[in-house]
Every structure is written in structure tokens, then in C-alpha cells.
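> Attaching a predicted model along with its sequence, questions to come.
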Amino acid sequence: MVNRNLRGLVPLLWLSLLAPSLLRGQTEDALAQYFVGRTVTVKMDMPANKDGVDVFPSRQPDINYSDYSQRLKRFGISLHSGDTAPITKIKVKDKLVEFHLAGGGYGTAGDETDTSVAFTPTPKSAREKDLERDIKTVTDPQQKREMRDELDDLQQRREREDARLRAAATLAEEERRQRIYQRALQSGSRFNLRYPQGVVLETLTPDAVMQALAQHVDFAAPSPPAAQPPAPAAPAGVAPAGIHKGMLENDVDALLGRPVEVRRGKEGTLDVSRSTYEQGENAVEALFVEGVLVRYTIRSK
């Protein structure tokens with residue numbers, strides 16, 4: 001009799017353990033059916049990253065603005081205050097409701113995040129190794145001097161090649177960083193509704209979610225913009241003919257003329273300089289690494 005009673009309790013025990021997850025799944029589906037596909041207007045700038053904005057509905061203020069500002073500085077802004085965005089996903093967890101906008105933010109599984117590019121130093125040539133070995137045993141001063149000159153020349157060539165390879169790696173890193181940054185700006189963001197004591201059914205209704213986000217999201221359907229005459233296009237900076245990444249600093253100087261400002265410094269062991277050139281109504285700001293152009297921007301003066 002006791003065993004039969006215990007056997008009868010086992011399904012009930014499993015059901016009690018599974019009930020919270022089953023309820024979360026049901027409420028997640030219900031919330032997704034209500035929200036996903038709707039377009040809303042954000043009332044604040046949104047970080048271009050999957051970390052998004054943490055909202056604590058039970059607190060005032062409901063956002064840690066120090067964390068929020070750090071995320072904006074670190075990741076940039078994917079959605080600006082006043083932008084409209086589609087709701088793309090709702091995810092319910094034990095203490096969290098994720099509210100995804102326009103993709104939910106960059107940095108999820110499958111997104112490229114590593115910006116590093118490996119640099120492999122140039123190996124010593126066989127001739128350089130032979131000279132390093134033989135110069136130790138040569139006694140004739142003239143021969144030793146000639147061998148030393150040849151060895152110095154080979155070492156300098158290798159160092160110049162290493163500088164070129166370092167600059168190429170830096171350029172590749174910068175291009176990869178810019179590519180990831182641009183992708184992040186187009187990947188949306190999210191709000192994380194956080195409930196430290198755990199989510200409960202009362203917080204998982206559409207009205208409760210909208211109330212929790214009311215300070216930060218306008219759920220009213222955006223009205224179409226009033227027809228206005230097109231604004232005249234602002235003149236855009238045009239890149240000078242002939243400039244391109246990978247140019248040597250001397251060649252850029254020859255093309256654009258003497259820079260009006262040069263700032264030199266170090267990034268690790270690399271020599272870095274930033275030069276500003278005046279070109280009519282525009283200014284060209286160029287970044288050089290080891291004397292090689294890795295980035296330039298055009299702006300109006």
C-alpha cells in the first residue's frame with residue numbers, strides 16, 4: 001500500500017517541478033503572439049549590443065544609468081530616441097523577460113566579435129643565420145667588417161618587412177573592427193526586464209510588460225510623417241583623387257600637401273601619427289601606423 005502511494009506521488013512530484021517551466025513557456029508564447037511583429041517607438045538611445053538596457057520595474061529609478069551610459073560609450077547606439085523598431089522576440093526566463101527590438105542586439109551566437117589579426121615576424125634567412133655563426137670565428141678585420149655590414153643590411157630588411165606586416169595587420173584589424181561596428185549598429189537592441197525575486201504570472205501579461213516599459217517605449221502605433229518638401233542635400237566631403245589605404249605617409253603628403261597638424265605617438269611598439277590636411281572646403285584626417293595609411297575621414301571645415 002505504501003509503495004502504491006509513493007508511485008502515485010511520483011507523477012505529481014514531476015508535474016510540480018515541471019509546472020513553472022510549462023507556465024513560462026505558455027506565457028512566453030502568449031506574449032510573443034501579442035507583441036512580436038508590432039512596431040514601437042523607443043524613448044531613449046539603445047546600446048548596439050545584446051546587453052541592451054536592464055530595467056528593474058520594482059525600483060525607482062528603474063535603470064542603473066551608470067551601467068547604461070557605459071554601454072552606450074562602449075558599443076555605440078543602434079536605435080536613437082524617437083526611432084521606431086519592430087519587436088522581434090520575447091524570451092521569458094526565471095528572473096528575466098527579454099524584449100528584443102530589431103534583432104535583439106549584436107553579440108549573440110554566430111556574430112563575429114574577435115577583431116584581432118595575427119602578426120607573424122619574418123624568420124631569419126639562411127644567409128643571416130650563416131653570417132651570425134661565421135662572424136664569430138673570422139679574424140680578418142676587413143672580412144669581419146664586410147660580414148657585419150651584410151648582416152646589418154639583412155637585419156634591417158627583415159625589420160622593414162616586419163614593420164610592413166605589422167601595419168598590414170593593424171589595417172586588417174581596423175577594417176574588421178569597423179565591419180563589426182557597422183553590423184552592430186544594424187542589429188537592434190533589447191530591454192531586459194529583471195525581477196530579482198523571480199518572474200510571476202502577474203508580471204507576464206501584455207499590460208504588465210507595457211507598464212514596466214512605459215517610461216522607455218511608446219507602444220502606440222507610429223503615425224505616418226507629414227508630407228514635407230525635400231530638404232536640400234548637404235554637401236558631402238569628397239575624397240581627393242588618388243588617396244587610398246595602404247599609402248605611405250610621404251606619398252600622402254605629396255598628394256595632399258603639407259599637413260596643418262600632426263600628432264605622433266605610440267600604440268604598444270608601433271609608431272602612430274594622425275595628420276590633418278586642408279583640401280578646399282574639406283579637411284582630411286589621416287591615421288598612419290608605421291608610416292602606412294590605415295584610415296582617413298573627410299569632413300567639412
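Everything's here; your move.
> switch to C-alpha atoms for all contacts and neighbour counts from now on
Will do.
> how much space between residue 197 and residue 57?
12 Å (C-alpha to C-alpha, to the nearest Å).
> meant to ask about residue 132
Distance from residue 132 to residue 57, by C-alpha to C-alpha: 71 Å.
> what about the two, which has more around it?
Neighbours per residue (other C-alpha atoms under 10 Å) separate residue 132 from residue 57, with residue 57 holding more: 18 against 14.
> Hmm, residue 194 and the more buried one touching each other?
Yes - Residue 57 is within contact range of residue 194, at 7.3 Å (criterion: C-alpha atoms under 8 Å).
> Now for residue 112: which residues touch it?
Applying C-alpha atoms under 8 Å, 6 or more residues apart in numbering, one finds that residue 112 lies in contact with residue 180.
> I'd like the distance between it and residue 184.
On the measure of C-alpha to C-alpha, residue 112 and residue 184 end up 10 Å apart.
> what do you get for residue 146?
According to C-alpha to C-alpha, residue 146 stands 57 Å off from residue 184.
> Next: residue 110.
On the measure of C-alpha to C-alpha, residue 110 and residue 184 end up 13 Å apart.
> cool, and residue 266?
Plainly put, residue 266 is 29 Å away from residue 184 if you go by C-alpha to C-alpha.
> Compare neighbour counts for those two and give me the winner.
residue 184 (25 against 11).
> That one in helix, strand or coil?
helix (DSSP: H, G, I helix; E, B strand; the rest coil).
> Please name the spatially closest residue to it (chain neighbours excluded).
Nearest non-adjacent residue to residue 184, counting by C-alpha to C-alpha, 6 or more residues apart in numbering: residue 106, 5.0 Å away.
> now the strands for the stretch 151-300 of the chain?
189-194, 217-218, 261-267, 270-279, 282-289, 292-300 (DSSP state E, counting those that start in this stretch).
> Single out the most deeply packed of those strands.
Highest mean neighbour count among the strands of the stretch 151-300 of the chain (mean count of other C-alpha atoms under 10 Å): strand 189-194, with a mean of 24.
> Given that strand, what are its sheet partners and their directions?
strand 53-55 (parallel), strand 96-101 (antiparallel) (DSSP bridges).
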